[in-house]
Each structure stands twice: as C-alpha cells, then as structure tokens.
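Engineer: Okay, predicted coordinates and the sequence, questions at the end:
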Amino acid sequence: MKRLKPVLAITGAELRRFLRDRSNIFFVFLMPLMLVVVIGAQFGSNASAGRVTVAGEDGALRQAIVTELERGDLVVGAGEWDDIVDEVARGRTTVGLHVPVGANAAFTAGEPVTLEILPSSQSAALAAQQVVRAAVEKVQLDRAQVAALVTRGVGEKAAADSIATARSQVTGPTVRVEDVDRLAQEFSGLGQFDLGASSMVLLFTFLSSLAGAATLIQARRQGVIARALAAPVSNGQVLLGQAGGRFTIALFQAVYIAVATALLFGVDWGNVWLTGVVLLVYSAVSAGAAMVLGSVLDNEGAASGIGVGLGLVLAGLGGGMVPLELFSDTLRTVSKVTPHAWAYEAFAEIQRHDA
C-alpha cells in the first residue's frame, strides 16, 4: 500500500490540474453536450419532422388544424404571414400555413376552403408538407362527417358526440412496415441522441487524453518530474502516476459524457457493466497514446497541435464523426487500425443489439 500512495498522489494531482484549467469548462463539459444536441436534432431517428408556423384568421378551422399537427412530430408555431414568409426564406420554418379571412365561416358551413402552404427549401420540407396536407384533410373529413349528420336533422353537438363514440368502438386499421434496408435495420431502435452520444465519447475522450500529453511535457521541462524523483519514490512509481493521471482524465471525460447524456437526453447505453468495460479499455488506450505522445515530443505547443490533429483524424476514420455503416468495405477495414472503430462497434452491439 505504501508503494501505491505516491502513484495515487501523482494521479490525483494530474486530475486536479486538469480540472482547474478554465479552458476545459467549455471543451470538456459544454462542447460535447452541445454537439450531441446538434447531431440529435439533425439526424436522430426521433428528431422533429420540422416546424410549421400558422398565420391568418383565428377560429375553429385554425384551432382544429393546429391540434391535428401537434399530434404528430411537427413543432407548431404562430405568427404574422409576412414574418413567416421571411422565416421560410431563411430556413427557420419548414412550412408556412396561411388561413385566409372567411375560411372559418366557410369551414363551419361545410363549404370548400382554400389554404395557402409555403414550403421551404429544407430537405425535410417535402415530408412536413405532406403531414400538413394530411392534417388538413383529416380536419375536413371530420367536419364533413358532422355536416352529413346535421343535414339529416341531428344536432351538431350530438353529431360530434356520436362520431366520437363510434370511433372509440371501432378498431382502426394498423400498418406494419418491414424494412429490408440494411442501414435502416442497423440504426433501428436508436434514440434521437444515442448515436451522437457514443460518437462524442469516442471523439472527446481521445482528444482530452492527447491534450493531457502537453502537461506531461510541461512537468518534464519545468522539473516537476525531477523534483518528484528527489523524493523517496522510484522511476516506476512516477511513471505509473503520470500514466494513471492520463487514464483518470480520459475516464473522467468518458464517464461524464455518458452520465450527462443519460440524465439530460435519456440516452440508452444498454448494459451498464459492459458499457463500463468499454469505457475503461478505451480510456486505457487513450492514456497510452497520450503517454507515447508526451514522451516523444519536447514542446507543449507541438504536442497540443499534433494531439488535436491526430485525435480528429483518428475519430473521423474510426466512426467518431460519421457512422462506420456508411463507410465502404475497404475504408471500414482500414478503420480497424484505430481504437475508435473497435469501441464504436462495441457500443453499437451494446446499444442496438442488447449485447
């Protein structure tokens, strides 16, 4: 135990030094979570289908359409039509919907109504536009059913109640989609932020660890290691302490991202124990890379630059930026030279296939 005390002391000192660096507040704590949000919002399987902003005359028709849209995946807002046109042009709104004056009266009377739909140039606009059309048609069909009963002498409220009762007693048709596409099957079951969270663990754990190589060089250049060796500790204890510091920094970053994304975004990491094993092994590999980099270089600036560049290249090649499933067979084989690719495949099995 006495031999471990110097090792643990050096390891603890390295972790405290890492946490006291104010620049890490953004790059270690905030930036990974921000990127998880961005990736999830853009590419998550449960991401919103778009934003629809409604303008025009308020009334039964507009309220019914908004209610129907909110039942789907669309984000619904309201505003003035001129502002909506500008938002659509700037890509801030996926689809704009205008309810003209007199539309509510025509809708109540069962007469045809013409609405104006303005789609944006976003990739999601076509799908969002179809959702809007379906919602409008649903509202029109509901109104037509009520109007048909009213013409037969049934009161409007009684007609609406009767239709609601009939719907509750009838089992509607169901649709089951069987997707034979390999990529669709591979990503099925993923939550909106699951893929982004695992990618950020791979990217930032390695980056944070390589960035720690600069502190190893500083400790050597500033005589910190020489002074440590003047104490009753061996070369092996100092070396293990420095390696332990790199490992602790990498593991801290990995665990922080995993826990924060699970609590804030509901990311499912699968089997907790298996995920922990992957984090431990990946952190050890990251620490080893940092020790090598800090040993062969003598300049902190060069170590930081090379560390960031190498970390980004390896992350891009190993699935930390683009899913490996989108790689060609040749490139995916090449990716196996990176620890990122092995960790990516491990997370994929744990998160998606209950490994």
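Structural biologist: That came through fine.
Engineer: so how far is residue 345 from residue 186?
Structural biologist: From residue 186 across to residue 345, the span is 11 Å (Cβ to Cβ, to the nearest Å). Using the backbone N, CA and C atoms, a C-beta is placed for each residue, glycine as well.
Engineer: scratch that, residue 139
Structural biologist: In this structure, residue 139 lies at 47 Å from residue 345, with Cβ to Cβ as the measure.
Engineer: okay, the two: which has more neighbours?
Structural biologist: Ranked by neighbour count (other Cβ atoms under 10 Å), residue 139 and residue 345 place residue 139 first, with 22 against 17.
Engineer: What about residue 351, how many residues nearby?
Structural biologist: Counted with other Cβ under 10 Å, residues neighbouring residue 351 total 22.
Engineer: all strands of the chain, in order?
Structural biologist: Under the criterion DSSP state E, the chain carries strands at the ranges 50-56, 74-78, 95-99, 116-119.
Engineer: Could you list the paired strands of the third one along with their orientation?
Structural biologist: Meaning strand 95-99. Sheet neighbours of strand 95-99, with direction, are listed as strand 50-56 (parallel), strand 116-119 (antiparallel) (DSSP bridges).
Engineer: Looking at those strands, spot the one closest to residue 157.
Structural biologist: For residue 157, the closest of the strands paired with strand 95-99 is strand 50-56, at 26.1 Å, according to Cβ to Cβ.
Engineer: Could you export the closest one as CSV, keeping only the C-alpha atoms?
Structural biologist: Listed next in CSV are the C-alpha coordinates belonging to strand 50-56 (Å, rounded to 0.1, in the frame of the first residue of the first chain):
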residue,chain,number,x,y,z
GLY,A,50,-39.9,20.1,-39.0
ARG,A,51,-41.5,23.3,-37.8
VAL,A,52,-44.9,24.6,-39.1
THR,A,53,-45.9,28.2,-38.5
VAL,A,54,-49.6,29.1,-38.9
ALA,A,55,-50.9,32.5,-39.6
GLY,A,56,-54.2,34.1,-40.6
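Engineer: quick one: it to strand 74-78, angle?
Structural biologist: Here strand 50-56 runs at an angle of 30 degrees relative to strand 74-78 (axes from the mean of the first three to the mean of the last three Cα atoms, to 10 degrees).
Engineer: How far away from the center of its chain is strand 50-56?
Structural biologist: 25 Å (Cα atoms, centre = their mean, to the nearest Å).
Engineer: what pLDDT, on average, does that strand get?
Structural biologist: When pLDDT is averaged over strand 50-56, the result is 89.
Engineer: Stretch 257-265 now?
Structural biologist: Averaging pLDDT residue by residue across stretch 257-265 gives 93.
Engineer: Just the C-alphas of it, formatted as CSV.
Structural biologist: Output in CSV follows, covering the C-alpha atoms of stretch 257-265 (Å, rounded to 0.1, in the frame of the first residue of the first chain):
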residue,chain,number,x,y,z
ILE,A,257,-20.4,12.4,-21.2
ALA,A,258,-22.1,9.0,-20.7
VAL,A,259,-23.8,10.0,-17.4
ALA,A,260,-24.7,13.6,-18.6
THR,A,261,-26.3,12.3,-21.9
ALA,A,262,-28.2,9.6,-20.0
LEU,A,263,-29.6,12.1,-17.5
LEU,A,264,-30.3,15.1,-19.8
PHE,A,265,-31.2,13.3,-23.0
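Engineer: Other residues contacting that stretch?
Structural biologist: Where contact means Cβ atoms under 8 Å, 6 or more residues apart in numbering, the residues beyond stretch 257-265 that reach it are 32-33, 36-37, 40, 191-193, 197, 200-201, 204-205, 267-269, 275, 279.
Engineer: TSV for the strands paired with strand 95-99, including distance to residue 22?
Structural biologist: Output for the strands paired with strand 95-99, formatted as TSV (distance: least, Cβ to Cβ, whole Å):
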stretch	distance to residue 22
strand 50-56	37
strand 116-119	46
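Engineer: ranking those by burial, who's on top?
Structural biologist: For the strands paired with strand 95-99, the stretch with the most neighbours on average is strand 50-56, a mean of 23; neighbours defined as mean count of other Cβ atoms under 10 Å.
Engineer: Got a quick PyMOL command for the buried subset of the contacts of stretch 257-265?
Structural biologist: Buried members of the contacts of stretch 257-265, identified by 16 or more other Cβ atoms under 10 Å, are gathered into one PyMOL selection as follows:
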select buried, resi 32+33+36+37+40+191+192+193+197+200+201+204+205+267+269+275+279
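Engineer: Mark which of the contacts of stretch 257-265 are part of helices, please.
Structural biologist: Counting by DSSP state H, those place 32, 33, 36, 37, 40, 197, 200, 201, 204, 205, 275, 279 in helices.
Engineer: From the residues you listed, which shows the smallest pLDDT?
Structural biologist: The member of the ones in helices among the contacts of stretch 257-265 with the lowest model confidence is residue 40, at 77 (criterion: pLDDT).
Engineer: Could you tell me which helix of the protein is the longest one?
Structural biologist: The helix spanning the most residues in the chain, taking DSSP H as the definition, is helix 235-265.
Engineer: in this protein, what spans have low per-residue confidence?
Structural biologist: Of all residues in the chain, those with pLDDT under 70 make up the ranges 1-2, 41-49, 73, 123, 167, 172, 177-185, 188-189.
Engineer: Show the backbone phi and psi for the residue sitting furthest away from the middle of it.
Structural biologist: In the chain, counting by Cα atoms, centre = their mean, residue 153 sits farthest out from the average C-alpha position, at 54.6 Å. With angles defined as degrees, to the nearest 10, residue 153 sits at phi 100, psi 10.
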